[in-house]
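**Q** my questions are about this predicted structure, shown below with the sequence.
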Amino acid sequence: MKVQELEPESPALAVPAHFPAPLYGTGETAPTAAGFELGRRLFYDPGLSIDGTVSCGTCHAQVHAFADHNVPVSAGVGGALGTRNSPALSNLAWYPTFMADGGITHLEVMPLAPLMSPVEMAANNEHIVSYLRTHLVYPRLFENAFGGEPTGQRVLLALAQFQAMLVSANSRYDQQVLGQTDFTETEQRGHDLFVAHCSTCHTEPLFTDFSYANTGLDSVSQDPGRYRVTLDPLDRGAFKVPNLRNIALTRPYMHDGRLHTLRSVVDHYADGVIVHPGLDERLPGPLGLNEQERKDLVAFLETLTDHEYLANPRLAEPR
């Protein structure tokens, strides 16, 4: 397989003018051309999985904003199914925690979860390092990137360099913020509704505040959610507030993929919220939106689609 080369300056993380400062991708965590290219190749390589069938890109497809192919839960090695919906990946350089329950606190550690999970890639460090050291190309790529042979730690560093560059910031919403376009009347009404009812948790411009919330899907959640990490009973059924960028392309929705359309998500918050003691205090109950308001809100959410991000060749699978 031919490796696509990058110009030396290409990996530099360009922080959008309307974004806060990132946590990764600059300073000591700034990607290099060789590290980024290595990370990109590793992201799309099924050889890292124990049976050579599943890569990171298998469940995080660029065409779906690095979410899975519109399935509730993803299939790993041997067809094993997980229990949570694969999240879309973008703007990870700004994330303080990772996974739906926040169980991982550093970008350079995050890949361990899917790599080692028995229902995802089911690999181990011995398999990964052996595969990479006996590969025709990887020893050279690791030498170029890190000045040494493949190791488990260097795999994680390279993947972090690639994932830090998954920046989505050129949707119609962004263009409107920067004064490059205007919302339609419907989109503007939807944005006004969003600010009034949704932005406390889905804070602009990243469209998440990285907190955890129980949004009233069930009176008693079967998935412990954030409780698995904190052991606080109040966190049962609470999950990380997701980043809404490109949400029109990342269905189905919620932690288990139970809602299949963007409209069904809006309908849930409009009249489907189950009020119970664990419900997030920022969501007192159903919002009671009328039909036009629901349409307006969906129209605004569709402005978060970043077509440039979906087609960026530098983020695509190497050919």
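**A** Yep, that arrived.
**Q** going by C-alpha atoms from here, please, whenever you check contacts or count neighbours.
**A** Noted.
**Q** helices of the stretch 201-319 of the chain, residue ranges please.
**A** Taking DSSP state H, counting those that start in this stretch, the helices of the stretch 201-319 of the chain run over residues 227-230, 262-267, 291-302, 307-311.
**Q** and the helices in the stretch 51-200 of the chain, which stretches?
**A** Counting by DSSP H, counting those that start in this stretch, the helices of the stretch 51-200 of the chain are 56-59, 112-116, 125-133, 138-146, 152-164, 172-177, 185-197.
**Q** give me whichever of those helices is most buried.
**A** Greatest average neighbour count among these goes to helix 152-164 (a mean of 23), per mean count of other C-alpha atoms under 10 Å.
**Q** ok, back up a step: between the helices of the stretch 201-319 of the chain, which gets nearest to Gly285?
**A** Closest to Gly285 of the helices of the stretch 201-319 of the chain is helix 262-267 (C-alpha to C-alpha; 12.5 Å).
**Q** now for the closest one, which elements pack on it?
**A** Where contact means 3 or more C-alpha pairs under 8 Å, 6 or more residues apart in numbering; DSSP states H and E, helix 262-267 is packed against helix 291-302.
**Q** now the helix it packs on against helix 185-197, angle please.
**A** Counting by axes from the mean of the first three to the mean of the last three C-alpha atoms, to 10 degrees, helix 291-302 lies at 90 degrees to helix 185-197.
**Q** what's the average pLDDT for helix 291-302?
**A** The average pLDDT for helix 291-302 rounds to 98.
**Q** returning to that earlier point: nearest to Val54, out of the helices of the stretch 201-319 of the chain?
**A** Nearest of the helices of the stretch 201-319 of the chain (C-alpha to C-alpha): helix 307-311, 21.1 Å.
**Q** could you list the buried residues of the closest one?
**A** 307, 309-310 (16 or more other C-alpha atoms under 10 Å).
**Q** over to stretch 265-273?
**A** Buried-residue list, stretch 265-273, by 16+ other C-alpha under 10 Å: 265-270, 272-273.
**Q** contacts only, for the closest residue to Leu112 other than its chain neighbours.
**A** Nearest non-adjacent residue to Leu112, counting by C-alpha to C-alpha, 6 or more residues apart in numbering: Leu156, 7.8 Å away. By C-alpha atoms under 8 Å, 6 or more residues apart in numbering, the contact list for Leu156 reads 108-109, 111-112.
**Q** show me which pair in those is furthest apart.
**A** Farthest apart among the contacts of Leu156 - using C-alpha to C-alpha - are Glu108 and Leu112, which lie 8.7 Å from each other.
**Q** so Ser49 sits against Ser55, correct?
**A** Yes. With contact defined as C-alpha atoms under 8 Å, Ser49 reaches Ser55; the gap is 6.6 Å.
**Q** what about the two, which has more around it?
**A** Taking other C-alpha atoms under 10 Å, Ser49 and Ser55 do not tie; Ser49 has more neighbours (25 against 22).
**Q** contacting residues around the closest residue to the more buried one other than its chain neighbours?
**A** Nearest non-adjacent residue to Ser49, counting by C-alpha to C-alpha, 6+ apart: Met121, 4.5 Å away. Shown in contact with Met121 (C-alpha under 8 Å, 6+ apart): 48-50, 54-55, 76-77, 114-115.
**Q** for Gly237, see how far away Thr230 is.
**A** Separation of Thr230 from Gly237 (C-alpha to C-alpha, to the nearest Å): 12 Å.
**Q** again, but for Tyr24
**A** From Tyr24 to Gly237 the distance is 29 Å (C-alpha to C-alpha).
**Q** and if you look at Asp267?
**A** For Asp267, the distance to Gly237 - C-alpha to C-alpha - is 20 Å.
**Q** give me the number of neighbouring residues for the closest residue in space to Ala316 that isn't next to it in sequence.
**A** Nearest residue to Ala316 in three dimensions, chain neighbours excluded: Gln62, at 6.8 Å (C-alpha to C-alpha, 6+ apart). Per other C-alpha under 10 Å, the neighbour tally for Gln62 reads 23.
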